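Predicted model, plus sequence, below.
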Amino acid sequence: MDIMKIKILIPILVLFSLPGLLRADSGELKPADIFSDGMVIQKDYDLPIWGEDQPGKKIKVSIAGQELSATADKDGRWRVTATAISDAGPFQMDIQSESGKVSIKDIVCGEVWLFAGESAIDANLDKDIAKSSSSGKPSIRYFRAPKQLTRVPYAHLPGKWEKCEDLANDIPAVAYHFADELRNKTSGPVGIILCAVPNSLSQSWCSRDCLRGVKILAYRDDYQEIIQNYEVKISGTYKGLQEINNSGDGNIRYAGAVRRFQMWAGTPEGRKAVKAGEVEQWQEKIQEWVENSMQRESKGTPIAEEEKSWPQMIQIASGVVADPRTSGVRPAGIFNGMISPLVPYAIKGFVFWQGESDASWKRGDIYNQILTTVIRNWRDTWQKGQAQKKGDLPFVIMQLQGVGENKGISADECSLLRLSQASVQEKLNNTALAVSYDIIHDSGEAVPQDSLKEAGRRLSLAALGRFYNQKITWSGPLFEAVSVGENSLKLKFKFADKGMIAGKEGSDDKVKGFEIGDPNGDFKPAEAVIEKNYIVLKIPGVTTAVRYGWGLNPDANLYSSEGLPAVTFTV
């Protein structure tokens, strides 16, 4: 068969701006996707419950002895709010109207945390670890959000709650270990909602209105132009169509993505990769993807990710890997598609592990403003949706991990970003910082399970000490003040009342990681001595600056006596 003579008709779709929160007009009673069997509800918080039905339908909801009612509005949306529940359960929630009845079973009540970020937070747990630690303990459950980015806020987030004791393949490791520590201290179930998008920029995690109000994250209307230009490219250009029409075969229409695939399939590499008889099949798949993805984008619904399972070279040839519509760079894309559908689900707080992509964009020195914007945006969004005001929701920040040299990110950018993250803890109420640069090192290999466990433990310590009033040391040494002596500087640290050590186990001969700067801006290692909760630095000459923990993978070893690493700083 002549692969150049396939009838393909792809319309060039015009993007329309659709205001508001998009939903599916199913005409049936349906609670929000986050409400599913096995769900965890937040203890001691009023519980918003919402969903869809036909406009004007009266909805009744019963849970834990409470009977609630609402009427679907003109857009088919309804919502009720249950008063706070303290018992662990399990419960059943029944929702009914003239359109039908939905029963949600095996609901438990405990602590619910939303985990969000890039690759490190997305790593899976080894099944053997879950199996050995789950027996006889209150349950840990998780809801893993699918990756979906949308142009406007979207109502649906397909997924379901899973039990870690069922030993699925996609248990999030860091979140699991966080939850394991938490349940040991709170003696109740813990629920994790995971929203992870590798290689995502902070601008994708904020709402569109929020971005427009912040100069450094100004919403880029030209990104929509990038998308429209891409869609013209994958669907074929007017010039290209005209040239084909002039060839004499008026029935042929080539999608740009299909045409590029055809050209590649005709090369020696392409002929080798695409076996005989599979060319037409791939052309049809690519054509279907072009049509479907453009229609979904025009409606403001998520673009399906099935094409990511195609062979890599076919993704490249058709343009899938360069799709700006599903890129973690897309302004407000993640917020619209993954965060917005969760609002106003009752949660205890947030854990955010993001920043590597921003460092690669050289945003280290302004990341404190960016992170502050994200935190305020999420808190304000949840507050507006809550009947019961709980103040600023807790926010735990994981400081940037060690970064591989192959990433092309400078040591200065990584260090500046860590400084920015640390400064937010001092600036915003109800925030806490955990450190990971000493345990997570990006070498291109899978992160060891013991490192993921330690990361989860440190995040849980930050949460327990800061937001659960546990009498524990939850942070490593944090620089507080400096005094000048004769040929020396004396640095005082918080969270070091029980003293500090060199090395996590206190077995290192000397303290490493401190540097002093001269008037020329050059830095060199400094000799450091521990004196209880002080560090004394020897300064042989004029010193204009001191810094600690600088670098891609800082060679720094100051810890609290409890084994928590000192926080990167400069003064």
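Alright, I've got the coordinates.

Would you mind checking the average pLDDT for the longest helix belonging to the chain?
Across the chain, the helix with the greatest residue count (assigned by DSSP state H) is helix 279-299. Helix 279-299 carries an average pLDDT of 91.

just stretch 392-405 next, same as before
Per-residue pLDDT over stretch 392-405 has a mean of 95.

do stretch 520-540 as well
For stretch 520-540, mean pLDDT is 94.

Check stretch 229-240 too.
Across stretch 229-240, the average pLDDT comes to 76.

what's the answer for stretch 546-555, then?
Model confidence over stretch 546-555, given as mean pLDDT, is 96.

what comes up buried for that stretch?
Neighbour counts over stretch 546-555 (16 or more other CB atoms under 10 Å) mark Val546, Arg547, Tyr548, Gly549, Trp550, Gly551, Leu552, Asn553, Pro554 as buried. C-beta: built from backbone N, CA, C; applies to glycine.

returning to what we had before: give me the distance between the longest helix of the chain and the centre of its chain.
28 Å (CA atoms, centre = their mean, to the nearest Å).

Same check on stretch 276-285?
Its chain's average C-alpha position is 36 Å from that of stretch 276-285, according to CA atoms, centre = their mean.

Now do the buried residues in that stretch.
For stretch 276-285, the neighbour count (16+ other CB under 10 Å) marks Val279, Trp282, Gln283, Lys285 as buried.

from memory the second one sits against Gln262, does it?
No: Trp282 sits out of contact with Gln262 when judged by CB atoms under 8 Å, with a separation of 9.5 Å.

before we move on, the earlier item: which ones among the buried residues of stretch 546-555 are found in strands?
Val546, Arg547, Tyr548 (DSSP state E).

Tell me the helix or strand right after the longest helix of the chain.
Helices and strands here follow DSSP states H and E; after helix 279-299, the next one along the chain is helix 312-318.

was I right about Lys492 contacting Leu478?
No: counting by CB under 8 Å, Lys492 sits too far from Leu478 to count as a contact (10.0 Å).

So which elements touch the helix or strand that contains Glu162?
Assigned by DSSP H and E, Glu162 falls within strand 161-163. With contacts taken as 3 or more CB pairs under 8 Å, 6 or more residues apart in numbering; DSSP states H and E, strand 161-163 sits against strand 140-144.

Paired strands for the strand it packs on, with orientation please.
The sheet places strand 140-144 alongside strand 161-163 (antiparallel), strand 190-196 (parallel), with pairing taken from DSSP bridges.

quick one: Phe479 is in a helix?
No: Phe479 is assigned strand when assessed by DSSP: H, G, I helix; E, B strand; the rest coil, not a helix.

i'd like the first residue to be 53 from this point on
Got it, first residue is 53 now, which makes that one Phe531.

what's the pLDDT at it?
Residue-level confidence at Phe531 comes out at 97, pLDDT.

Identify the residues contacting it.
Contacts of Phe531 were listed using CB atoms under 8 Å, 6 or more residues apart in numbering, and they are Leu543, Lys544, Phe545, Lys546, Tyr600, Ala618, Val619, Phe621, Val623.

Output those as CSV; include the columns secondary structure and distance to Asp444.
Formatted as CSV, the entries for those read as follows, by DSSP: H, G, I helix; E, B strand; the rest coil; distance: CB to CB, whole Å:
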residue, secondary structure, distance to Asp444
Leu543, strand, 31
Lys544, strand, 28
Phe545, strand, 26
Lys546, strand, 21
Tyr600, strand, 29
Ala618, coil, 27
Val619, coil, 21
Phe621, strand, 24
Val623, coil, 28
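
are any of these buried, and which?
Buried among these (16+ other CB under 10 Å): Leu543, Phe545, Tyr600, Ala618, Val619, Phe621.

Run through the stretch 153-302 of the chain and note the low-pLDDT ranges.
For the stretch 153-302 of the chain, the stretches with pLDDT under 70 are 185-189, 270-273, 289-302.

Just after the strand ranked longest in the chain, pick out the following helix or strand.
When the chain is scanned for its longest strand (criterion: DSSP E), the result is strand 152-169. Helices and strands here follow DSSP H and E; after strand 152-169, the next one along the chain is helix 179-186.

I'd like to check the angle between that following helix and strand 192-196, please.
Counting by axes from the mean of the first three to the mean of the last three CA atoms, to 10 degrees, helix 179-186 lies at 140 degrees to strand 192-196.

Helix 179-186 packs against which elements?
Helix 179-186 is packed against helix 225-238, with contacts defined by 3+ CB pairs under 8 Å, 6+ apart.

how about the helices in the stretch 453-602 of the chain?
Listed in chain order, the helices found in the stretch 453-602 of the chain under DSSP state H, counting those that start in this stretch are 463-479, 501-519.

Let's have those helices in a markdown table, adding distance to Asp570 and mean pLDDT.
Putting the helices of the stretch 453-602 of the chain into a markdown table (distance: least, CB to CB, whole Å; pLDDT from 0 to 100) gives the following:
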| stretch | distance to Asp570 | mean pLDDT |
| --- | --- | --- |
| helix 463-479 | 17 | 96 |
| helix 501-519 | 35 | 96 |
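
mind putting those in CSV, distance to Lys550 and mean neighbour count included?
Formatted as CSV, the helices of the stretch 453-602 of the chain follow (distance: least, CB to CB, whole Å; neighbours: other CB atoms under 10 Å):
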stretch, distance to Lys550, mean neighbour count
helix 463-479, 21, 21
helix 501-519, 14, 22
